[in-house]
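Enquirer: dropping the sequence and predicted coords here.
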Amino acid sequence: MAQGTLCSASAAPPNVLFLIVDDLRPEMGCYGSQIAQTPSIDRLAKGALVFERAYCQEAICMASRFSLLSGLRPDERKIWTNRDVRPALQDIALLPQHFREHGYHTLAMGKIAHNSWEDPRCWSEPHQMPANAEFEYRTRAGRAMVEQLLKQAAAAGKPDPFRNIPEKIRRGMPFESLDVADDALGDGQIADAALEMLDRVRDRPFFLALGFLRPHLPFVAPQRHWDKFSPADLPLSESPDFPEGAPAIANSRSGELLAQYRGLPKKLPLSDETATQLRHGYLACVSYVDTQIGRVLQGLEDMGLAGNTIVVLTSDHGFQLGDHGMWGKATNFELAAHVPLLIRAPGQTTAGQHTQELVELVGLYPTLCDLAGLEKPAHLQGTSFASVLKQPDRELRQTAVSQFPRGEVMGYSLRTAHHRYTEWRSMKDGQVSARELYDYEADPLETRNLANQPEMAESVRNHAALLKKGLETGAFD
């Protein structure tokens, strides 16, 4: 068996249940939240190793997911934006395909790669999406709002207010509570399908991937999940201001929210009332998804499959809820790059423990190979962290690397044990136009950029050298 596996040589091949939740920041009970309602994930954490410092490679859906699935960093195939990148990866066996080629029955429901851009080579059965999944990105009230605005403009003889916006992203309000059952929306349907799939493949090694749609905008969830929270009890961000001394290029401008949804002001900041509504909607969606995850995990136990199944729960990236004055992802700040990661594996002796080891999602492919006893493909660029499941306090890496493009400039960001260092480099000649340095021991909320402070010059040099070495060699450690 491959090095690092926790399974014995005589054991049956372990199954894999891969759970990826869209836009989920590490804000759950098992990560210390006193507000989020996540009993199912918290229960999983009691039998898993919880990674406190796991990071995506780019805080946008497509680039992050294909980095995870391919085991390649975004720069390797220039996968930086949300577009169909399958042609760039035709010679690469993605993670589920690798398991399929090694005897696993691979199935998927929901958003694994990026909605309609799933690679059919990955799946033993056709990939599935919930009914009307695309419409869930446009709330019912939002669609009605769009129609009303169109009618008002036509009656007044004014131009179409959505004339420059594609129909599929003509959206209204960014949040909505619905008096419906859980399975009326996509994530409930994903859980329903997962239970059917588990029952059907229980007698053979399987790799089941479930990509939950929420809490991606718009924040739509059944009313009962909204009712778990009182707006009066929901705090706003502890860091509502853009960091002092940070370069303007580091700001996302919250385009995902402001450019795609109506019923909001055209400029930031949002009112406290609107910010609270968004926060409320996000938490309601997390509660909704947590309930569906609980149904799947309970089904795994009821079918007698839990003991021989590797369970992974993660997200493609984090999400800023007014933090630094921004809404969404698409930055190199901590709350965009930081992701939840829980792993439960057969034979694991670290159940319920937490680790501070720096890990990257690009390392999940080799990690799962090690845990399942499969040989690793030669193309992988990430570092396996399977050994951390045996020894949570070991020091495996110095850095976790994220990046994000702004036009012709790429921001490369190193997360080290106590700092985040970011360089904004020209994609043409590599010239650095701006730097950021945040000290999490002194300033855990990233309120002040220290890169230009004389007393931090040595720290800047050390981090710059680590980044330079990684960019030149293609290997970060």
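Expert: Structure's in. What do you need? Numbering: from 1, shown residues only.
Enquirer: quick check: closest non-adjacent residue to residue 325.
Expert: Excluding its sequence neighbours, the residue lying closest to residue 325 (Cβ to Cβ, 6 or more residues apart in numbering) is residue 242, at 5.0 Å. C-beta: built from backbone N, CA, C; applies to glycine.
Enquirer: for the stretch 301-450 of the chain, which segments count as strands?
Expert: 309-315, 320-321, 327-328, 338-344, 354-360, 400-406, 409-415, 419-426, 432-439 (DSSP state E, counting those that start in this stretch).
Enquirer: for the first one, what is the average pLDDT?
Expert: Think strand 309-315. Mean pLDDT, computed over strand 309-315, is 98.
Enquirer: okay, now the sheet partners of that strand, with direction.
Expert: strand 15-21 (parallel), strand 338-344 (antiparallel) (DSSP bridges).
Enquirer: need those in TSV with mean neighbour count, distance to residue 350 and mean pLDDT, can you?
Expert: Shown next, in TSV, are the strands paired with strand 309-315 (neighbours: other Cβ atoms under 10 Å; distance: least, Cβ to Cβ, whole Å; pLDDT from 0 to 100):
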stretch	mean neighbour count	distance to residue 350	mean pLDDT
strand 15-21	25	18	98
strand 338-344	24	9	98
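Enquirer: residue 41 is nearest to which of these?
Expert: Between residue 41 and the strands paired with strand 309-315, the shortest gap by Cβ to Cβ is with strand 338-344, which sits at 7.2 Å.
Enquirer: chain center to that closest one, what's the gap?
Expert: Chain-centre distance of strand 338-344: 10 Å, with Cα atoms, centre = their mean, to the nearest Å.
Enquirer: same question for stretch 123-142.
Expert: 18 Å.
Enquirer: please apply the same query to stretch 157-175.
Expert: For stretch 157-175, the distance to the chain centre is 27 Å (Cα atoms, centre = their mean).
Enquirer: buried residues in it, which are they?
Expert: 162, 170-175 (16 or more other Cβ atoms under 10 Å).
Enquirer: from those, pick the one nearest residue 145.
Expert: residue 172 (3.3 Å).
Enquirer: so that closest one touches residue 161, yeah?
Expert: No: the pair residue 172 / residue 161 is not scored as a contact, 11.7 Å apart, by Cβ atoms under 8 Å.
Enquirer: rewinding a little: tell me the SS of the residue nearest to residue 325?
Expert: Put simply, residue 242 is coil when judged by DSSP: H, G, I helix; E, B strand; the rest coil.
Enquirer: that one and residue 192, how far apart?
Expert: 43 Å (Cβ to Cβ, to the nearest Å).
Enquirer: what do you get for residue 15?
Expert: Distance from residue 15 to residue 192, by Cβ to Cβ: 19 Å.
Enquirer: got it, and residue 442?
Expert: 48 Å.
Enquirer: looking at those two, which is more packed in?
Expert: Counted by other Cβ atoms under 10 Å, residue 442 and residue 192 do not tie: residue 192 has more neighbours, with 17 against 11.
Enquirer: where does the residue nearest to residue 261 when sequence neighbours are not counted land on pLDDT?
Expert: Distance criterion Cβ to Cβ, 6+ apart; nearest residue to residue 261, sequence neighbours excluded, is residue 174 at 4.1 Å. pLDDT for residue 174: 92.
Enquirer: hmm, residue 259 and residue 174 touching each other?
Expert: No: counting by Cβ under 8 Å, residue 174 does not reach residue 259; the two are 11.3 Å apart.
Enquirer: give me the nearest residue to residue 257, chain neighbours excluded.
Expert: Using Cβ to Cβ, 6+ apart, the closest residue to residue 257 is residue 327 (4.4 Å).
Enquirer: do I have it right that that neighbour meets residue 260?
Expert: No: judged on Cβ under 8 Å, residue 327 makes no contact with residue 260 at a distance of 11.1 Å.
Enquirer: so these two - more neighbours on which side?
Expert: Neighbour tally, residue 327 and residue 260, criterion other Cβ under 10 Å: the higher count belongs to residue 327, 27 against 18.
Enquirer: contacts only, for that one.
Expert: 254, 256-258, 268, 270, 278, 320-321 (Cβ atoms under 8 Å, 6 or more residues apart in numbering).
Enquirer: before we move on, what about residue 415?
Expert: So residue 415 contacts 53, 55, 334, 337, 358, 399-402 (Cβ under 8 Å, 6+ apart).
Enquirer: one more time with 10 Å
Expert: Contacts for residue 415 (Cβ atoms under 10 Å, 6 or more residues apart in numbering) come out as 53, 55, 332, 334, 337-338, 358, 360, 397-402, 421-422, 438, 440.
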